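1. Got a sequence here, can you model it:
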Amino acid sequence: MGGMFKTCLKILTFRKNHIQFGERRRMKRKGILTVSFLILNMFMTSASYILSASAEEVRLFIGSYDRKAEDRGIYVSTLDERTAKLSVPVRAAELSNPGFLVFSSDFEYLYAVCGEKKDSVAAFRVTAPEKEEKNEKKAKNAQCLEELNRLTDLGRSVCHLTLDASQTYVLTAHYSTSQVALHQLKKDRSLDREVQKIELSGTGPNAKRQERAHPHSVKFGAGDVFYVPDLGTDRIMIYRLDPVMHTFAPNDPPFFASEPGSGPRHLCFSPDRRTLYAVNELSCTVTACRVLQNGGLEAFQTVSTLPEGVKADDGDTVSTAAEIARTPDGRFLYVSNRGHDSLACFKIMADGTLMLREIVSVHGKTPRHFAISPTGKYLAAANQDSDSVSLFRIHADSGKLQFVSEQKLPVSPICIAFEKVHMNVDVEREFRELSQMKLDPVSPNWKTLGDYPLKETLAKVKKLPKKSFPEELILARASVETLEELQDFILLAFEMEKLCGESEDRDFIREMTIQAVLQRSSLIVQRLETLKVLQLQVVSGLLGRELEFLDRISEWNVKTPILDLCRGWLMHYRKLAEKKGAEIPSSVFITEPAARKSIVSGIEQALKLQDYAEYAKLLARSLMARGVWSADTEPEKALADIQLACAMDPSLKERAQDASLLLFIHTEKYEEALAILDELLADWEAKKLEDAQAKDPQDQAEGAEPAEETEAKSAPSPRDENVENVLYLNIQKLRIELLLKLDRKEEALKTVEAALETAPKETQLLNLKLQVLTLMEKFEECLDVVSALIDEDPLNAQLYILRAELRSVLGQEEEALKDFDEAISLSGGLSEIRMQKLQLLIEMKRYDEAEKETFALLEKDPENVPLLFQAALLSLTQENYAKALEIALKADALLANETVSADAENAESAEETAKMLRIQKLSVWQFLANFYLMSGEHARAVEFYARYMELDAENAQILNNYAWVLCTSPDEAVRDGKKAVELAEKAIALDRCAGYISTLAAAYAELGDFEKAKELVDEALQIAEEAAKKAEADEETADSPDGSDGSDDLDTALTESLKKERASYEAGEPIREKVETYRTNETPQSEKEQEE
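-> Below you'll find the model as predicted:
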């Protein structure tokens, strides 16, 4: 029996690995290589599809050095992200050498450093783009920057500035005079006085460039901590701003020391501001630092921004790194190199480390600065010595740069600042129109009385007799024609209400005020819906004012549904307006609890009154909104709300159809959902046919009309066609998902192939096809799809992992290893991927390579218990017993101290952490117990079996092994026959197999009951012989001679061992386990092994 343990332990080792990695294979065979289920927000169907295809325009402002006095200034160009075209730059403001630009957080103000005779800082108000001027191609100036003021005589070489989070201070860095200064802003955001200035000191090893301190930029981190890279002293100075005292002081620690001679220049933070990246100008490197809780920095990586083998100063060309910036999503980081005239692209890994992706030519000379568009789709570089701006498209998945165009300027561009994205909807223009919107007369019997001095009356209302208030109010109300005038009327009415006190006219004044407020609020709510704006910052003041009006009339105990409905919607829009700089995902889905509560109150009041004709559309829209947010929790009620909304307002039919679709999906009524999608698809096809038939056939046949007229008359705009394709593809994607839910795989495959005809390289469609083929277990075709995805995105490590797994399933292990290697290279050696490669190596029984890979991983993470356990198993497989024991004991020590740092910290809860530690302890203790059993150190084996039993007393194999050592150990101090019987019986109760019955026989033999032992061993023999015969029969009927799993050999060996055990019992001798197999120095064979 004892001689079998080496074989059993090897099987256990294999089984352990098979569970870890075989589970992945079984999942794939079941089709669980899934792409996340496509749940579209169908309420935004038309809006989201249009927005995704519509042109986004964003302005970029360009700071420059003067070439000619008549051309000096800040320039502005517009980037159309749909066409990737930059407009011809025009001058936005005239000033000398505007070297660096920065926007306020709301993008309403721009601040610039100006390199005049005595440097200055200028403040500008930014105005909206005048779209009427777009046709004036020869215009040299754009009236989009209105100068507020300048601070002059600031000294020499002001090179950088930034604003604090409160937007009340400006900090400036002065390169040549080694100074950092703090300036205050006025309430109108213009520049106020300088409140503090300090001078830095020190030198660096580069005598030419580091002869004194050179603060090069200023960057805020978290809170009031800001950082000043000092190129001259190789330090990043750290300060804290005190907004109360209007001062700043050194942090503790006061600086971070960079590499000598590196010359830190500019900084960039990760989105969470926990990682700082500093570009070092002189060494052409980037240093990555952890930001500590005390504001200090801790470096963990430095990488070159130049190609391998290229030095910053190679004798012929001197290269200096200039600007550093990341994409808005924090996935990619870029650095510009002057001299080498290139852009370096880095992938930001999960742990913050940088992996170089590529270095590309900037297509210009001396890229002093660059900026990334707010959407993260484009990068624009300012090429100082070629007087040009280079535009690059950023690949969404790989971060690689694709050169698009170069735009020449009459100045030397040295800085670029992107403004916020301007969508097709001009929000400011819309609200100018809103303020002038004509109102319906107060009553059919009232006639507009012409101009009424509303503002003048408001100014002198305190001097008016209180008895005249009702008459004045009537005259004022009759004169109101626009929404803006209605606001003035409301302000007048509120003032009169406050002044009239408890007089008999108060109720009349209040009634007039209430009607005006509700009319204005409902009109604004309706207009906000029609705008479909993505950014609402420009109307945040209006929203706040309307809510104040509603709150004031609420104090008068007003009970009307329209008040609560309007308040709820305005609260919702105000919440969206707080999302500064972020796109609004949906203007329909309401998440604000207070807004929901108010809308529900309004709905319930209205349905009770059943008299809502005057606000039926607002009520219908509110019902629709409630249906949306309650779809998950109360789907039946949500569907009823949507149907009622559609009945009240037939114009909501399309939206109600989309809402019903979403609800059917949530309630798993997939047939009904599919029927709606089929209807939508039929509508789309009908519309497409109608559009085709609408074209004049004579235009195509005769071609008589001029080309331009024909195009204008018949050709749909690219945007419209794009929108239609997006709509079609999204319908088809959702249809595919539903068909899969209904297990209609063949139909799903036909659908995805039809959709791919429209967009053959559409990544999401290819992923869906992969999902369908996986569920159909067509793995060869899956491989083709993944290869096509890799062709589209050759730098996506996850795709190589997926292809490696597929190749592993298909038996193409060597190719799978190559894919894993590629994924590891692309990910910068990510441990998770190396673990997957390790698992494949073990499955391939390439234990030497697996062992090397394991120890390489342990060098990076020496306290990773699962890795240590794997290393112990591999060392055991390689018969390196001393090393196996050493590693396993280290794992046990770590577990005893609960220092499973990486895994434990990432556990989602204390319960998960405890569960994980329990599994690790059981695995390590089982290994050590079996190891000590096989090495003859039975007392230690018993110790670890006992530990195991404290955590898990239901493991049949542990019960069996524990019983075996207790009844067969040569060490009398270890043996305990009674306990061995008890343990063996528990093992048999869990699994009545031959090996466990054999152990029970040995236990009875230890107690001297050899008759019972023989009876049990006979039963074990019968079971083993039957198993051996079955295995032999299975092998004969197998499809191939290689189909055997080796179990027949194991059963045969067990049978022979049992016969020897019975002979011992016949002789009245108990079994004694030999000291054999695992030796930590030499490994002599045991007598029993020699006999076998």
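2. Count residues in the vicinity of residue 1069, would you?
-> Neighbours of residue 1069 under the rule other C-beta atoms under 10 Å: 11. C-beta here means a position set from N, CA and C on the backbone, and glycine is covered the same way.
3. Downstream of the longest helix seen in the chain, the next helix or strand is which one?
-> When the chain is parsed with DSSP state H, its longest helix is helix 1010-1037. Later in the chain than helix 1010-1037, the nearest helix or strand by DSSP states H and E is helix 1047-1066.
4. in the stretch 51-200 of the chain, which segments are predicted with low confidence?
-> 51-56, 116-118, 130-141, 155-156 (pLDDT under 70).
5. ranges for the strands of it?
-> Applying DSSP state E, counting those that start in this stretch to the stretch 51-200 of the chain gives strands spanning 57-65, 74-80, 85-86, 90-93, 98-103, 109-114, 120-126, 145-151, 158-163, 169-174, 179-185, 191-199.
6. what does whichever strand or helix holds residue 321 rub up against?
-> Assigned by DSSP H and E, residue 321 belongs to strand 320-326. Contacts of strand 320-326 with the rest of the structure, by C-beta atoms under 8 Å, 6 or more residues apart in numbering, involve 265-268, 270, 277-286, 305, 312, 332-339, 348, 367-372.
7. May I see the strands of the stretch 51-200 of the chain arranged in JSON lines, with mean neighbour count and distance to residue 840 as well?
-> Output for the strands of the stretch 51-200 of the chain, formatted as JSON lines (neighbours: other C-beta atoms under 10 Å; distance: least, C-beta to C-beta, whole Å):
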{"stretch": "strand 57-65", "mean neighbour count": "24", "distance to residue 840": "46"}
{"stretch": "strand 74-80", "mean neighbour count": "23", "distance to residue 840": "46"}
{"stretch": "strand 85-86", "mean neighbour count": "17", "distance to residue 840": "48"}
{"stretch": "strand 90-93", "mean neighbour count": "22", "distance to residue 840": "59"}
{"stretch": "strand 98-103", "mean neighbour count": "22", "distance to residue 840": "51"}
{"stretch": "strand 109-114", "mean neighbour count": "25", "distance to residue 840": "56"}
{"stretch": "strand 120-126", "mean neighbour count": "22", "distance to residue 840": "57"}
{"stretch": "strand 145-151", "mean neighbour count": "18", "distance to residue 840": "60"}
{"stretch": "strand 158-163", "mean neighbour count": "22", "distance to residue 840": "50"}
{"stretch": "strand 169-174", "mean neighbour count": "24", "distance to residue 840": "53"}
{"stretch": "strand 179-185", "mean neighbour count": "21", "distance to residue 840": "55"}
{"stretch": "strand 191-199", "mean neighbour count": "15", "distance to residue 840": "59"}
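8. could I get stretch 453-461 in CSV with only the CA atoms?
-> What follows is stretch 453-461, C-alpha atoms only, in CSV (Å, rounded to 0.1, in the frame of the first residue of the first chain):
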residue,chain,number,x,y,z
PRO,A,453,-41.4,99.2,-17.5
LEU,A,454,-40.9,95.8,-15.7
LYS,A,455,-37.3,96.4,-14.7
GLU,A,456,-38.0,100.0,-13.6
THR,A,457,-41.0,98.9,-11.6
LEU,A,458,-39.0,96.2,-9.9
ALA,A,459,-36.3,98.8,-9.0
LYS,A,460,-38.8,101.2,-7.4
VAL,A,461,-41.4,98.7,-6.1
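9. what packs against the host helix or strand of residue 639?
-> If you go by DSSP H and E, residue 639 is part of helix 635-648. Applying 3 or more C-beta pairs under 8 Å, 6 or more residues apart in numbering; DSSP states H and E, we find helix 635-648 packed against helix 616-629, helix 653-666.
10. Only the buried residues of it, if you could.
-> Neighbour-count burial for helix 635-648, counted by 16 or more other C-beta atoms under 10 Å, picks out 635, 638-639, 641-642, 644-646, 648.
11. would you list these in a markdown table and tack on pLDDT?
-> Output for these, formatted as a markdown table (pLDDT from 0 to 100):
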| residue | pLDDT |
| --- | --- |
| 635 | 77 |
| 638 | 83 |
| 639 | 81 |
| 641 | 87 |
| 642 | 82 |
| 644 | 88 |
| 645 | 86 |
| 646 | 82 |
| 648 | 86 |
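12. wait, which of these is closest to residue 559?
-> residue 648 (21.4 Å; C-beta to C-beta).
13. Nearest residue to the closest one in space, ignoring adjacent ones along the chain?
-> Leaving aside its chain neighbours, residue 648 sits nearest to residue 620 (3.9 Å; criterion: C-beta to C-beta, 6 or more residues apart in numbering).
14. Now do the domain split for the chain, please.
-> 2-31+862-900+913-1036+1048-1084, 32-54+668-693+717-776, 55-422, 436-531, 777-837 (automatic domain parsing).
15. can you tell me which residues contact the residue nearest the centre of the chain?
-> Centroid-nearest residue in the chain, with C-alpha atoms, centre = their mean: residue 329, separated by 7.1 Å. Applying C-beta under 8 Å, 6+ apart to residue 329 gives the contacts 271, 376.
16. Since that was my last question, I'll sign off now.
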